[in-house]
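Novice: Structure of the sequence below:
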Amino acid sequence: MLSARSLLVRGMLVGLAAGAVTFLFATFFGEGPVGQAIDFESMHAAAHGEGDEHELFSRTVQSTVGLGTATLVYGVALGGLFALVFAVAYGRIGRFSPRATAALVALGGFLTVAFVPFLKYPANPPATGDPDSLGERTGLHFLMIVIAVAVGLLALYFGRWLHPRYGTWNATIAAVGAFVVLIAIIQMALPAINEIPEGFPASVLWEFRLASLGTQLATWTVLGLLFGVVAGPRMRRRAATTEEAAVGVGR
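Specialist: Numbering: from 1, shown residues only. All right, here's what the predicted structure looks like:
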């Protein structure tokens with residue numbers, strides 16, 4: 001198996017590629033709703049006699065250099081973390097190939113880090129949140145991520161515990177069902193946040209939310225598919241070499 005350092009470097013490079021894809025996706029699908037939300041905020045401020053706030057960076061800089069830098073840095077960091085999780089998961093979640101393991105890790109990451117939190121606390125465009133509640137909203141969102149990851153790990157171990165008794169299919173169904181039920185109960189117990197101002201276009205809101213979820217999907221898809229391609233062949237060659245050496249020693 002590749003060393004942790006080698007996997008980490010490959011993960012960061014794959015994350016860089018994922019960040020570039022995410023930037024393109026966000027530019028084409030996310031910038032439109034963001035611009036419309038900012039226009040709504042400006043019109044709302046003008047209607048109440050409020051002046052526009054001075055921006056440290058222009059909108060053009062924010063949507064190009066700022067967005068590009070943020071997505072690339074996020075992609076590199078996430079790629080490194082992805083590689084470490086892959087190293088832990090490979091060979092421990094089943095007899096899967098490196099490509100299949102990378103795809104499963106990416107699927108689990110998207111579900112727990114992006115999709116499940118989105119169901120309870122979806123992203124909102126500019127002009128739709130109260131600045132005074134920013135800390136609370138951020139804290140609840142990260143709490144939902146931690147809970148989703150923890151419940152996901154519990155469901156994974158639950159499925160592995162059931163596997164010897166009930167087989168792969170039944171164990172998987174039971175683990176998925178337990179995950180869904182626990183997440184539903186927890187999300188109903190957590191406080192809801194709804195700060196969408198009256199009159200804000202519903203179409204803009206949902207276009208932004210779908211674009212936000214789409215950027216996460218693009219990131220995790222590239223990580224899952226590309227990391228398996230980059231690391232898979234080398235890991236198989238290393239495993240084959242190790243097996244041949246073991247056979248030679250056995251003789």
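
Novice: okay but residue 85 is in contact with residue 105, surely?
Specialist: Yes: taking contact to mean CB atoms under 8 Å, the distance of 5.6 Å between residue 85 and residue 105 places them in contact. C-betas here are computed from N, CA, C, even on glycine.

Novice: the more surrounded of these two?
Specialist: residue 105 (25 against 16; other CB atoms under 10 Å).

Novice: need the contact list for that one.
Specialist: 82, 85-86, 89, 224 (CB atoms under 8 Å, 6 or more residues apart in numbering).

Novice: Could you list every helix and strand that the lengthiest helix in the chain packs against?
Specialist: For the chain, the longest helix by residue count, based on DSSP state H, is helix 134-189. Packing partners of helix 134-189 (3 or more CB pairs under 8 Å, 6 or more residues apart in numbering; DSSP states H and E): helix 116-120.

Novice: what's the helix it packs on in contact with?
Specialist: Contacting residues not belonging to helix 116-120 are listed as 141, 144-145, 148, 183, 187, 190, 192, 209, 212-213, 216 [CB under 8 Å, 6+ apart].

Novice: Could you do stretch 212-223 as well?
Specialist: Applying CB under 8 Å, 6+ apart, the contact partners of stretch 212-223 are 14-15, 17-19, 21-22, 25-26, 29-30, 71, 74-75, 78-79, 82, 102, 106-107, 109-110, 113-115, 118, 122-123.

Novice: Report the rounded mean pLDDT for it.
Specialist: Per-residue pLDDT over stretch 212-223 has a mean of 95.

Novice: starting at the chain centroid, how far to it?
Specialist: Computed by CA atoms, centre = their mean, to the nearest Å, the chain-centroid distance of stretch 212-223 equals 7 Å.

Novice: CA-only coordinates of it in PDB, if you can.
Specialist: Coordinates of each C-alpha in stretch 212-223 appear next as PDB, following Å, rounded to 0.1, in the frame of the first residue of the first chain:
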ATOM      1  CA  SER A 212     -24.800  25.300  -3.600                       C
ATOM      2  CA  LEU A 213     -25.600  21.600  -3.200                       C
ATOM      3  CA  GLY A 214     -24.400  21.000  -6.800                       C
ATOM      4  CA  THR A 215     -21.000  22.500  -6.000                       C
ATOM      5  CA  GLN A 216     -20.600  20.000  -3.200                       C
ATOM      6  CA  LEU A 217     -21.700  17.200  -5.400                       C
ATOM      7  CA  ALA A 218     -19.200  18.300  -8.000                       C
ATOM      8  CA  THR A 219     -16.400  18.400  -5.500                       C
ATOM      9  CA  TRP A 220     -17.100  14.900  -4.000                       C
ATOM     10  CA  THR A 221     -17.700  13.400  -7.400                       C
ATOM     11  CA  VAL A 222     -14.300  14.500  -8.700                       C
ATOM     12  CA  LEU A 223     -12.600  13.400  -5.500                       C
END
